[in-house]
Each structure stands twice: as C-alpha cells, then as structure tokens.
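Asker: no sequence for this one, just the structure:
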C-alpha cells in the first residue's frame, strides 16, 4: 500500500510516519514538493503518485497570523482539502483529514458533538471549517477527525513553548478560563493507524466526521502546571512563579473559544476507540522515544 502524507516536518506528520512505518510505502511530501497554495501542483503530484491512501497532515496553523493572512489560510486549510478529496475520489481511495475545535465558538457549556452547529471565532477556525465542508461536498471516502490542543516534542506548540519559558523566566502567567483536552500528536497518529488497519482488514469505509481528543479536560494553566511539575522532576525545582490569568487580560489577534471540549463518544461507539486521559498522553509523550513501528495503544484501548 502506498500512503501519501502531506506535510513533512509538522508534529502530526512526524508521528504518523513513525506509527505507519510498517504499513506500506510511505511517501511524505512537504511544502517544497507539494505546495498546497497551488491547486494544479496538488493534482499533478497526486496523479503522478497514484497513492492507495491520502493523509492530509499539512495545515496553516498560525492562528493569530491568519487574521492578517486570510487568503493563504483559506487556500491551505479551506481549498486544498477539497482538491485532495476530488483527486482521492477520482482514484477511488480514501482521504483522511484533520480539523479543529476552533470551528466552534465555545459558548456551549458541555462538550461539543459532531452534529453541533459550527460557529468559528477566527479566520483560522473559518478556514478549517471550509476545508471540512469542501471534503464533504466532494463525497467519496473522506474521513475528518477533529482534534484539539495538539502538542508533541516537535515543531511549535504549547508544550515546547512552556518548557522553554519555564527555564528562562521567574514569573509566568497562563490563561485559565479556556478549557479543552491537550492531545498528543502520537495519540492521534495511533488512532489513525488503527482505523486504517481496520479499513484494510474489514473493508470498512474510511469516511465520516469524528471527534478525536484525549479524555478529560483542563485549562491552559492546568496544562502548564503539569508541564512544570514534570520539569521539576526531570531538572530539579524550578525557580518559577506560575500564575493564572483571564483570557481577557491576554489579548490576541484571534479570538479563542472558552470551551474547546469535544465529545468523542461517536468514535468510541462506532470504532471501539477509548482514548487515554490527557495526563496519560503527556506522560507518554515525555517518556522513552518509540522505535519505528511500535504502538502507543498501551495507553489506550481499541477494539476496532
């Protein structure tokens, strides 16, 4: 099986490459080989490679910068997924695509379900919603996995930023009124791989919209607090005063939803996946690096 993964250095792409190493021929195309800004190049590359599966792990993820780079964000997050879906349907192969909690406005008091009405607050959220709808409009086998607060030991993310700042500063404040589920990219990759293997084994279609996040929830401050405790254990006591702050007191170019919790019952019900608590995911991320092809399902269960 030839698997095309878009994005080469992103945190999710790197975890997918590790997780799927033994599942077929992995072809990874970064922005130099497959620039999602140019539809003709997307079509040309897909038609030349003729993959058996396409995984779109590339995205425009600069949430605040997107407010001033609207066209670029919409092109990469909104238009390109639709083109990939068209090419996948032409080949008769599945497309797996990742979306975000930022398609919601965060006003709901309980976790969001897949059939809740999206209402993004930012250009980034709007661009990701456009990508979802473009894939759905094409039809065929399009699997959309919404996740939240993704982190890993690669790229740019909250975990790495906090680890750096906690060693550089003596005082640090973090937003405490936005809640969600920090989700390790390795967890997402493992669930994706399990669904792919079920598709190959049973012929089950890779299609539909599912929420995929770690279990439980916390605030950004709560996430930072656990990161700090881990650093204390690894490096010794930090000379740091960590405090909570309201999002209103930390203005950003893009508005964030206060409630980013996603209900993952559908994924568990239909695919048999029960995800680990977010604290477990962080421990796994900061643990011993994996060998290629090893699985992370020691931290979760899956009966699919």
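Answerer: Thanks, I have the structure now. The structure displayed is predicted, hence computed values, not measured ones.
Asker: could you pull out the helices for this structure?
Answerer: In the chain, the helices defined using DSSP state H lie at 11-19, 39-49, 70-73, 80-91, 123-138, 158-168, 185-202, 220-235, 265-271, 278-285.
Asker: now for these, which one comes closest to residue 245?
Answerer: Between residue 245 and the helices of the chain, the tightest spacing by CB to CB is seen for helix 220-235, at 7.7 Å. (Each C-beta comes from the backbone N, C-alpha and C, glycine too.)
Asker: centre of the chain versus that closest one, how much separation?
Answerer: Distance of helix 220-235 from its chain centroid, counting by CA atoms, centre = their mean, to the nearest Å, is 22 Å.
Asker: which helices and strands sit right next to that helix?
Answerer: helix 158-168, strand 171-175, strand 241-245, helix 278-285 (3 or more CB pairs under 8 Å, 6 or more residues apart in numbering; DSSP states H and E).
Asker: Can you tell me which of those is most buried?
Answerer: Stretch with highest mean neighbour count among those: helix 278-285 (a mean of 20; mean count of other CB atoms under 10 Å).
Asker: which other residues reach it?
Answerer: 151-153, 159, 181-184, 186-187, 213-218, 223, 226-227, 230, 276, 296, 299 (CB atoms under 8 Å, 6 or more residues apart in numbering).
Asker: how far out from the middle of the chain is it?
Answerer: The mean C-alpha position of helix 278-285 is separated from the chain mean by 15 Å, CA atoms, centre = their mean.
Asker: what angle sits between that helix and helix 11-19?
Answerer: Put simply, helix 278-285 runs at 60 degrees to helix 11-19, going by axes from the mean of the first three to the mean of the last three CA atoms, to 10 degrees.
Asker: Could you list the low-pLDDT ranges of this structure?
Answerer: For the chain, the stretches with pLDDT under 70 are 288-304.
Asker: And for the residue in it sticking out farthest from the centre, nearest residue in space, chain neighbours not counted?
Answerer: Ranked by distance from the centre of the chain (CA atoms, centre = their mean), the top residue is residue 239, with 32.4 Å. Excluding the flanking residues, the one nearest residue 239 by CB to CB, 6 or more residues apart in numbering is residue 170, at 5.7 Å.
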